[in-house]
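Enquirer: when you get a sec, could you give me coordinates for this:
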Amino acid sequence: MTADFDTLNYLADYMRDKQKAQVDELKRSGTKVAFADPVPAFKGHGICDSNEKPGTNTCLSLESFHPKNDGTTGYAKVMDQELADIGYKGD
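Expert: As a prediction, this is how the structure comes out:
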């Protein structure tokens, strides 16, 4: 089962890195875009952790990837912080 978690963690990091690379490329072309990395906010709150956020405490099931209130709040905090960091005021 650990190999499955390692694979999922690898895929999460891979997707994050690809998304960040795309944002960086868009920035270089003059597009106003920002990237917010949610991975650090979820360390210790992953699938099967005692304080998991993205899903329920059922290891590696479809439920594991459906955010609960804590998970969606975690994503929202990451986005709120990024918006504040870039000075977005809602206009």
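Enquirer: C-alpha from now on. contacts and neighbour counts both.
Expert: Noted.
Enquirer: how about the helices in this protein?
Expert: Secondary structure of the chain (DSSP state H): helices at 2-28, 69-85.
Enquirer: pull the number of nearby residues for N9.
Expert: When counting by other CA atoms under 10 Å, one arrives at 15 neighbours for N9.
Enquirer: about what we covered before: distance to K43 and mean pLDDT added to the helices of the chain, as JSON lines?
Expert: Formatted as JSON lines, the helices of the chain follow (distance: least, CA to CA, whole Å; pLDDT from 0 to 100):
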{"stretch": "helix 2-28", "distance to K43": "10", "mean pLDDT": "87"}
{"stretch": "helix 69-85", "distance to K43": "11", "mean pLDDT": "89"}
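Enquirer: which one of those lies nearest to A36?
Expert: helix 69-85 (5.9 Å; CA to CA).
Enquirer: packing partners for that closest one?
Expert: Counting contacts by 3 or more CA pairs under 8 Å, 6 or more residues apart in numbering; DSSP states H and E, helix 69-85 packs against no other helix or strand.
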